[in-house]
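J.: Quick one, what's the 3D model for this:
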Amino acid sequence: MKKKLQSYFSLLGRSFLMAVAVMSFFVLLLSLGAVLKNPHFIEAAPFLGNTAIQFIANALSESGLVVIRFMPLVFAVSIAIGMSEKGTKELAAFSALVGYLFMITFSGLTMSAFNMTLPPTVAVGDNNLVSISQTLEMRKAMQTMILGVQTIDTGVLGGVIVGTVAAWATKRYKTKTLPMIFSFYQGKHFPPIATGFIFMLVGIAIPFVWPFIGGGIYNTAELVTGAGVVGSFLFGFIERILIPTGLHHVWYSLAHFTPVGGTVEICGEVFTGTKAITTGALGCGDYTGDLSDITRVWLGQGATPIKVFGVPGALLGIYLAAKNKNRAKVIAISAASASFFAGVTEPFEFLFMFLAPGLFVIHAALTGLSFAVLDLLNASYLGGNNIIELLFNGVFQGHKSTWIPVVLVGIAMFFIYLLTFKWYIEKFNVMTPGREPDEDTEEVLQAELEASKLIRSKVDKKEVALSLIKHLGGKDNIKEYTNCISRLRVFVHDPSLVDSEALRKVPDSLGMSQPSDEEFHIVFGMKVSEYRDAVDLQFEQ
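T.: Alright, predicted model coming up:
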């Protein structure tokens, strides 16, 4: 039962990634727009106030806000795709869209029927454009406007529920047969119908039950935000500890996309969750508020000193501790680049987490310490967790984002990681890359051969795909597979058919983990999508 729950939540965690990736890209465009709209920059460079430039700036800013405003729907579709089986993902996505529309529509219908609807603010602006916005009373009653419908604001949690149910309904009803008179609606036509009917009933119930659910969420938010510096430490520590299971995506999403991360009004619009709040602050040129209470559990704030500074320091320590530095150099540069430029740390962590679990716990504790120190310093950082976002959302935001403490903590973390990793590896003789014995024995030659596979820059991806499929027990044993930012994630029917040792030695991979009996993660770093495509080609033949 425990393994099944772990596997389920791991699947749920990776289903967030598509939404997060899309959001991250457009928020980067928003960041550029925010720089162009920044009054400090316009004052220093008046040409930025040009109408054409400001139109471009507004367009860039809106591109990020679009995803934020419709975040529940984005997550509903992302989760439906991520949690459904291969060959049914498009059907699950359409089912999620239908389910979400039914949920908000019938929630609004029920509110109207029972006189629960509160009047919104209606204003007529330039060119006779009418705007309908949320009032304070509506916010307190958890009512909002979505796609022109006044309904209950279920937030991202509502989207998560819709996406999960849509994936289940697709799996359950994709081969459903109906009486002949209804035969047109069976098969692939039935999951969207079933999902719509389910959320018709859910929508009717929501106005009565959601205020209690919302109250529970807000109580949780108060508990987390009231934990002070200890809570900040635990947030960062747990997020890293969950890396081997893939559940870290679920953990940080709690703060990023729900009231656990706070609720703030910025420039007349309400934003919920640290991701939306920091995006709103970036998008509002006139905003100068202090968000230190919000960003204390914002992944960008606590993780940036680790990913931009600490991880490269640790990899320098691994390089300095290596006996064969040429072998260690290629791996260290690749893993450092992934962390520094993309905020992806798995290639680094899989180098040592299974060889030295104690060192991995130290890494998690240092991450928690980064969160705690920045909380103590009242940092209010709006950036993401890589060098590009540090520049655009931190340095270039000037008055909005207190990026200097982030950099100072990062510099300290660079040296702490460097010294800690070098000392630990040498003290406990950890066999990180480049530390294999030099004796010229058959065993050592074989170890060198296998180690060399980790640094091959050019391999036959078709051969790697065939090798993966073989070691996973063949095509018939592979139930489902997908990839996240750095891992190929595979679910199998019969784990006994999997050759785990062979999987650990697949060419060009950085390691393998097994979060549950039926789930295997093969780490390829930033090239994982290439190997996913290679496996896809084998299944298409």
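
J.: For the rest of this, base every contact and every neighbour count on C-alpha atoms.
T.: Will do.

J.: Where do the domain boundaries of this structure fall?
T.: Split into domains by automatic domain parsing, the chain comes to 292-427, 458-540.

J.: so which of those gets nearest Thr263?
T.: Closest to Thr263 of the domains of the chain is domain 292-427 (CA to CA; 8.5 Å).

J.: ranges for the strands of the stretch 201-350 of the chain?
T.: Assigned by DSSP state E, counting those that start in this stretch, the stretch 201-350 of the chain shows strands spanning 263-266, 269-272.

J.: Which strand residues bridge Arg487?
T.: Note on Arg487: beta-bridge partners by DSSP bridges are Val523.

J.: What number of residues are in the vicinity of it?
T.: For Arg487, the neighbour count with other CA atoms under 10 Å is 28.

J.: likewise Val464?
T.: Other residues close to Val464 by other CA under 10 Å number 18.

J.: So which other helices or strands are in contact with the helix or strand where it lies?
T.: Assigned by DSSP states H and E, Val464 belongs to helix 461-471. Other elements packing on helix 461-471 under the criterion 3 or more CA pairs under 8 Å, 6 or more residues apart in numbering; DSSP states H and E are helix 500-503, helix 528-540.

J.: Next, the angle from it to helix 528-540.
T.: Helix 461-471 and helix 528-540 are oriented at 70 degrees to each other (axes from the mean of the first three to the mean of the last three CA atoms, to 10 degrees).

J.: now helix 461-471: how far from the chain's centre is it?
T.: How far helix 461-471 lies from its chain's middle: 28 Å, per CA atoms, centre = their mean, to the nearest Å.

J.: For it, give me every contacting residue.
T.: Residues external to helix 461-471 that are found in contact with it (CA atoms under 8 Å, 6 or more residues apart in numbering): 475, 478, 498-500, 502-503, 506-507, 530-531, 534-535, 538.

J.: about what we covered before: of the strands of the stretch 201-350 of the chain, which is nearest Cys284?
T.: Of the strands of the stretch 201-350 of the chain, nearest to Cys284 by CA to CA is strand 263-266, at 7.4 Å.

J.: one step back: looking at the contacts of helix 461-471, spot the one nearest Ala328.
T.: For the contacts of helix 461-471, the nearest to Ala328 is Pro507 (16.3 Å; CA to CA).

J.: Any figure for the gap between the closest one and Phe114?
T.: 63 Å (CA to CA, to the nearest Å).

J.: out of the strands of the stretch 201-350 of the chain, nearest to Gly148?
T.: strand 269-272 (16.1 Å).

J.: And the pLDDT at Arg504?
T.: According to the per-residue confidence, Arg504 scores 81 in pLDDT.

J.: go on, Leu449?
T.: The predicted local confidence for Leu449 is 44.

J.: Closest one of the contacts of helix 461-471 to Thr51?
T.: Glu530 (42.6 Å).

J.: what sits against the closest one?
T.: Listed by CA under 8 Å, 6+ apart, the contact partners of Glu530 are Lys461.

J.: just so I have it, where are all the helices in the stretch 51-200 of the chain?
T.: Under the criterion DSSP state H, counting those that start in this stretch, the stretch 51-200 of the chain contains helices at 51-69, 71-83, 89-113, 136-140, 155-173, 190-225.

J.: got JSON lines for those helices, with mean neighbour count too?
T.: Shown next, in JSON lines, are these (neighbours: other CA atoms under 10 Å):
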{"stretch": "helix 51-69", "mean neighbour count": "18"}
{"stretch": "helix 71-83", "mean neighbour count": "27"}
{"stretch": "helix 89-113", "mean neighbour count": "23"}
{"stretch": "helix 136-140", "mean neighbour count": "14"}
{"stretch": "helix 155-173", "mean neighbour count": "24"}
{"stretch": "helix 190-225", "mean neighbour count": "19"}
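
J.: any chance of the ones you listed in JSON lines, plus distance to Val406?
T.: Below are those laid out as JSON lines (distance: least, CA to CA, whole Å):
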{"stretch": "helix 51-69", "distance to Val406": "24"}
{"stretch": "helix 71-83", "distance to Val406": "28"}
{"stretch": "helix 89-113", "distance to Val406": "39"}
{"stretch": "helix 136-140", "distance to Val406": "34"}
{"stretch": "helix 155-173", "distance to Val406": "29"}
{"stretch": "helix 190-225", "distance to Val406": "20"}
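
J.: Of all those helices, which one is nearest Thr121?
T.: helix 136-140 (9.8 Å).

J.: Quick check: mean pLDDT of the closest one?
T.: Averaged over helix 136-140, pLDDT sits at 68.

J.: And stretch 262-272, by the same measure?
T.: Stretch 262-272 comes out at a mean pLDDT of 83.

J.: Over to stretch 332-341?
T.: Mean pLDDT, computed over stretch 332-341, is 80.

J.: now Ser401, what's its secondary structure?
T.: Following DSSP: H, G, I helix; E, B strand; the rest coil, Ser401 is assigned to coil.

J.: returning to that earlier point: could I get the buried residue list for the helix holding Val464?
T.: Buried residues in helix 461-471, defined by neighbour count with 16 or more other CA atoms under 10 Å: 461, 464-471.

J.: among the helices of the stretch 51-200 of the chain, which is nearest Ile331?
T.: Closest to Ile331 of these is helix 71-83 (CA to CA; 30.3 Å).

J.: distance of the nearest residue to Ala336 once chain neighbours are set aside from Leu418?
T.: In space, and not counting its chain neighbours, Ala336 is closest to Pro312: 5.0 Å by CA to CA, 6 or more residues apart in numbering. The spacing between Pro312 and Leu418, counted by CA to CA, is 8 Å.

J.: For the stretch 251-400 of the chain, which segments count as helices?
T.: Per DSSP H, counting those that start in this stretch, the stretch 251-400 of the chain carries helices over the ranges 274-283, 292-295, 299-304, 311-321, 325-342, 346-349, 357-376, 387-389.

J.: Show the contacting residues for the residue lying closest to Ile161 once chain neighbours are set aside.
T.: In this structure, Ile161 finds its nearest non-sequential neighbour in Ala76, 7.4 Å apart by CA to CA, 6+ apart. Ala76 makes contact with 93, 96-97, 100, 158-164, according to CA under 8 Å, 6+ apart.

J.: go again using 10 Å as the cut-off
T.: Counting by CA atoms under 10 Å, 6 or more residues apart in numbering, Ala76 touches 15-16, 19, 82, 92-93, 95-97, 99-100, 156-167.

J.: Correct me if wrong: Phe371 contacts Val297.
T.: Yes: counting by CA atoms under 10 Å, Phe371 touches Val297, with 7.2 Å between them.
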